[in-house]
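K.L.:
Sharing a sequence plus its predicted fold:
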Amino acid sequence: MSQITFSVPRAFSTNYDIQLIGYDQSSFQPKNLKFLSPTKQVRHEEEAALIGFEAKLGHTSLHFTEPRTAISKRVMLVGLGDTKKLNSESLKKALVAAFNKAKKEKAQQLFLSFDFFRGEAPSISAYEFGRLVAETATVINYELNHRKTELGGYKPSPKFERVDVCISTFDDLQALENGLQAGATIGEAVNLAKNLVNEPAGNMTPQALIDQAREIADASDGAIELRVYAQTELESMKAGAFLSVAKGSADIEPPALITLNYTPKDARPGIKLAEIGKSITFDSGGLNVKPSSSMRDMKGDMAGGAAVLGAIKVIAALKLPIAVQAILAATPNMISSKATKPGDIVTSMQGRSIEIDNTDAEGRMTLADGIEFARLNGATHIVDIATLTGAIFYALGPDIAGVFGNNEELTDLVLKAGKATGERSWQLPCFDGFEKANETPMADLKNSGGGFGGGASTAATFVLTFARETPAVHMDIANVSMKQQMATGYGVRTLVEVARQLSQA
Ligand code: BES
Ligand code: MG
Ligand code: ZN
């Protein structure tokens with residue numbers, strides 16, 4: 001993955017492909033622009049006005065620059081709307097439009113001058129501005145080309161290489177630079193999560209997730225420690241819920257409980273955050289096999305695990321002062337004569353008995369043991385993120401993840417993190433009647449709510465039962481983790497922000 005160099009140059013450079021200039025809508029008044037010159041040297045504002053550019057939020061207008069001594073070949077006017085109202089969300093909208101257009105134009109060297117606050121106190125901090133610029137450019141720079149070959153006609157498309165930011169609005173250039181570095185780190189982790197999810201299930205096995213986790217630990221300068229629990233250890237830990245999912249494939253692709261521990265010396269005392277990501281490397285449904293159309297995207301059933309890996313990488317790189325444990329219970333959910341059967345009863349690590357009502361409700365089985373493991377390891381706060389239910393599509397549509405919690409404070413913190421990062425999420429109910437759906441005369445619980453309705457809520461209630469008194473939030477991202485069969489990297493940003501907020505609180 002090629003990385004972009006972001007900087008705040010102290011001296012002017014030249015030879016940019018495009019200079020991006022932000023415009024406030026109220027100060028960009030086409031009617032005030034002077035009589036248009038008939039010569040070729042029309043100022044780009046006039047030219048833009050001529051073709052109807054009004055600096056509306058997210059609108060752009062691209063122009064060749066004259067004279068040729070200009071620092072860039074072209075100039076892009078970027079509408080920022082009413083900059084008095086500018087916030088992270090609207091600034092992001094403008095940046096997305098601008099970088100997407102620049103990408104289409106095959107630009108590699110960019111110069112960004114967004115001096116739009118015109119004397120007023122900026123409504124956004126220098127750090128936040130830098131973070132948004134670098135994160136957005138990095139995420140847009142991502143190209144999906146996993147198995148494309150030259151033979152097949154593939155030509156690599158030009159990538160952003162350099163983005164220089166020039167903005168006199170902010171005095172604190174160090175904060176701006178820190179924001180740029182943080183944004184690049186977060187953007188790269190989002191791209192990493194996308195790569196893991198987009199990778200075919202034939203390659204993205206539990207072992208491949210271990211390798212990825214090791215790479216993150218090795219690159220962390222000793223800040224992150226990897227520990228993997230293999231089949232026999234899981235048996236002695238009595239991880240019966242997790243192992244019941246692995247049974248159908250354990251001889252070929254053995255399961256692994258992968259943990260990454262980040263325990264900085266300056267960690268906020270008394271706090272340990274567990275981030276647990278559902279890591280089913282392929283979900284066939286098991287003996288309750290999925291129909292073809294539902295199985296098609298099930299290589300993405302480890303999107304929660306991918307988000308957790310990306311997040312802990314960022315948390316360590318940003319040196320956030322909080323202890324975090326990443327937990328991935330990795331296995332495919334497959335069919336064989338050894339596979340778990342509907343009606344089987346297993347005992348989870350916590351000791352609760354679970355009747356397998358449906359082998360396709362496997363995610364909650366792995367999370368049940370993941371959560372108990374987190375508790376045994378001293379978690380004070382638990383956040384799990386999982387492509388858990390098809391029902392979440394019906395509840396919230398394709399863009400908003402579901403949030404469920406057993407503790408108001410932590411739930412609010414997760415919702416706030418979603419708002420701050422632009423990853424949309426919304427709270428849905430659990431417990432308060434939904435426990436009924438998971439009852440069975442055969443065991444303490446059954447793993448599917450059956451025809452009760454509210455499938456995302458009954459699943460969440462099952463999962464959070466295992467958190468007991470520990471503050472815990474469950475995020476269902478089955479609806480947002482992929483768009484048109486391509487990974488979105490959803491969750492990295494929210495998980496990082498949760499850790500950041502919890503490190504301060
Ligand atoms: N991995 C699926 C959920 C899913 C669906 C993820 C669509 C991404 C896109 C999960 O393991 C599953 O199969 N859930 C079942 C539960 C049911 C059997 C109780 C479902 O939602 O149908
Ligand atoms: Mg399933
Ligand atoms: Zn699944």
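P.N.:
Looks like it came in fine. Predicted model, so just to flag it, every value in this text is computed and none were measured. Numbers count the residues shown, from 1 in each chain. Ligands and ions are numbered 1, 2, ... in the order given.

K.L.:
C-alpha from now on. contacts and neighbour counts both.
P.N.:
Will do.

K.L.:
which residues of the stretch 101-250 of the chain fall in helices?
P.N.:
126-140, 173-198, 206-218, 231-236, 240-246 (DSSP state H, counting those that start in this stretch).

K.L.:
any idea which of these is most buried?
P.N.:
Using mean count of other C-alpha atoms under 10 Å, the stretch among these with the greatest mean number of neighbours is helix 240-246 (a mean of 28).

K.L.:
Residue 274: which of the helices of the stretch 101-250 of the chain is closest?
P.N.:
Comparing the helices of the stretch 101-250 of the chain against residue 274 with C-alpha to C-alpha, the closest turns out to be helix 206-218 (15.7 Å).

K.L.:
dump the residue contacts of the residue in the stretch 251-400 of the chain that ligand 2 sits nearest to.
P.N.:
Nearest residue of the stretch 251-400 of the chain to ligand 2: residue 360, at 3.5 Å (C-alpha to the ion). Contact analysis of residue 360 by C-alpha atoms under 8 Å, 6 or more residues apart in numbering lists 283-290, 333.

K.L.:
and the helices of the stretch 101-250 of the chain as CSV, adding distance to ligand 2?
P.N.:
Below are the helices of the stretch 101-250 of the chain laid out as CSV (distance: least, C-alpha to the ion, whole Å):
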stretch, distance to ligand 2
helix 126-140, 29
helix 173-198, 16
helix 206-218, 17
helix 231-236, 21
helix 240-246, 10
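
K.L.:
who in the chain is up against ligand 2?
P.N.:
When proximity is defined as C-alpha under 5 Å from the ion, the chain approaches ligand 2 at 285, 360-361.

K.L.:
Select the helix or strand of the chain having the lowest average pLDDT value.
P.N.:
helix 44-50 (a mean of 84; mean pLDDT, DSSP states H and E).

K.L.:
and which of the contacts of residue 360 is nearest to residue 97?
P.N.:
residue 283 (35.9 Å).

K.L.:
just to revisit the earlier point, now render the helices of the stretch 101-250 of the chain as a markdown table, adding mean pLDDT.
P.N.:
Converted to a markdown table, those look like this (pLDDT from 0 to 100):
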| stretch | mean pLDDT |
| --- | --- |
| helix 126-140 | 96 |
| helix 173-198 | 97 |
| helix 206-218 | 98 |
| helix 231-236 | 98 |
| helix 240-246 | 98 |
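
K.L.:
Figure out which of these is closest to ligand 1.
P.N.:
With C-alpha to the nearest ligand atom, the closest approach to ligand 1 among the helices of the stretch 101-250 of the chain belongs to helix 240-246: 10.6 Å.

K.L.:
list the helices and strands that closest one packs on?
P.N.:
In terms of contacts (3 or more C-alpha pairs under 8 Å, 6 or more residues apart in numbering; DSSP states H and E), helix 240-246 is packed against strand 323-333, strand 345-347, helix 363-376.

K.L.:
just these: most buried one?
P.N.:
Burial of those is given as mean neighbour count (mean count of other C-alpha under 10 Å); strand 323-333 ranks first at a mean of 28.

K.L.:
quick one: strands adjacent to it?
P.N.:
Note on strand 323-333: by DSSP bridges, its sheet partners are strand 256-262 (antiparallel), strand 272-283 (parallel).

K.L.:
between the shortest one and helix 363-376, how many degrees?
P.N.:
Direction vectors for strand 256-262 and helix 363-376, defined by axes from the mean of the first three to the mean of the last three C-alpha atoms, to 10 degrees, enclose an angle of 40 degrees.

K.L.:
can you list contacts of strand 256-262?
P.N.:
Residues outside strand 256-262 that contact it (C-alpha under 8 Å, 6+ apart): 206-207, 210, 213, 217, 223-231, 234, 312, 316, 323-331.

K.L.:
need the strands for the stretch 351-500 of the chain, in chain order.
P.N.:
Secondary structure of the stretch 351-500 of the chain (DSSP state E, counting those that start in this stretch): strands at 353-355, 381-386, 401-405, 425-427, 445-446, 472-476, 482-483, 486-487.

K.L.:
Work out the gap between the second one and the centre of the chain.
P.N.:
Same thing as strand 381-386. Here strand 381-386 is found 14 Å from its chain centre; the criterion is C-alpha atoms, centre = their mean, to the nearest Å.

K.L.:
now it against strand 272-283, angle please.
P.N.:
Using the same axes, to 10 degrees, strand 381-386 lies at 10 degrees relative to strand 272-283.

K.L.:
The third one too?
P.N.:
Using the same axes, to 10 degrees, the inter-axis angle of strand 401-405 relative to strand 272-283 is 130 degrees.

K.L.:
about what we covered before: filter the contacts of residue 360 to the buried ones?
P.N.:
Neighbour counting with 16 or more other C-alpha atoms under 10 Å marks 283-289, 333 as buried within the contacts of residue 360.

K.L.:
so of the residues you listed, which ones are in strands?
P.N.:
Using DSSP state E, the members of the buried ones among the contacts of residue 360 that fall in strands are 283, 333.
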